[in-house]
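Q: This is the structure alone, sequence omitted:
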C-alpha cells in the first residue's frame, strides 16, 4: 500500500515537472488567470479532476485483477 502511494506521488511529480520543463510560459500565463476565475468555476474543475482521478484508479484496479 505504501509503495503504491509513493509511486502515485512520484507520478504526480513527474507530470508536474514535465509541465514546468516543457511549457513554463503557459503555466505562468495560467497562474495569472487563476485569481480572476470565480471560485465556483475552480470548484467545478477541481471536483471533475477528483472524479476523473478516482475513476482512473478504480478502473486500473478493476481491470488489472488486483
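A: Everything's here; your move. Since the model is a prediction, treat every value here as computed from it, not as a measurement.

Q: biggest helix in this structure, by residue count?
A: Criterion DSSP state H: the longest helix present in the chain is helix 39-64.

Q: where does this protein have low pLDDT?
A: Residue ranges of the chain with pLDDT under 70: 66.

Q: switch to 80 and redo it
A: Confidence mapping of the chain against pLDDT under 80 gives the ranges 1, 65-66.

Q: give me phi/psi at residue 7?
A: phi -60, psi -40 (degrees, to the nearest 10).

Q: That should have said residue 37, apologies.
A: Backbone torsions for residue 37, taken as degrees, to the nearest 10, come to phi -80, psi 140.

Q: What residues of the longest helix of the chain count as buried?
A: Within helix 39-64, no residue is scored as buried using 16 or more other Cβ atoms under 10 Å. The C-beta positions use only the backbone N, C-alpha and C, and glycine is treated the same way.

Q: How about stretch 10-25?
A: In stretch 10-25, counting by 16+ other Cβ under 10 Å, buried: nothing.

Q: number of nearby residues for residue 27?
A: Burial of residue 27 is recorded as 13 neighbouring residues (other Cβ atoms under 10 Å).
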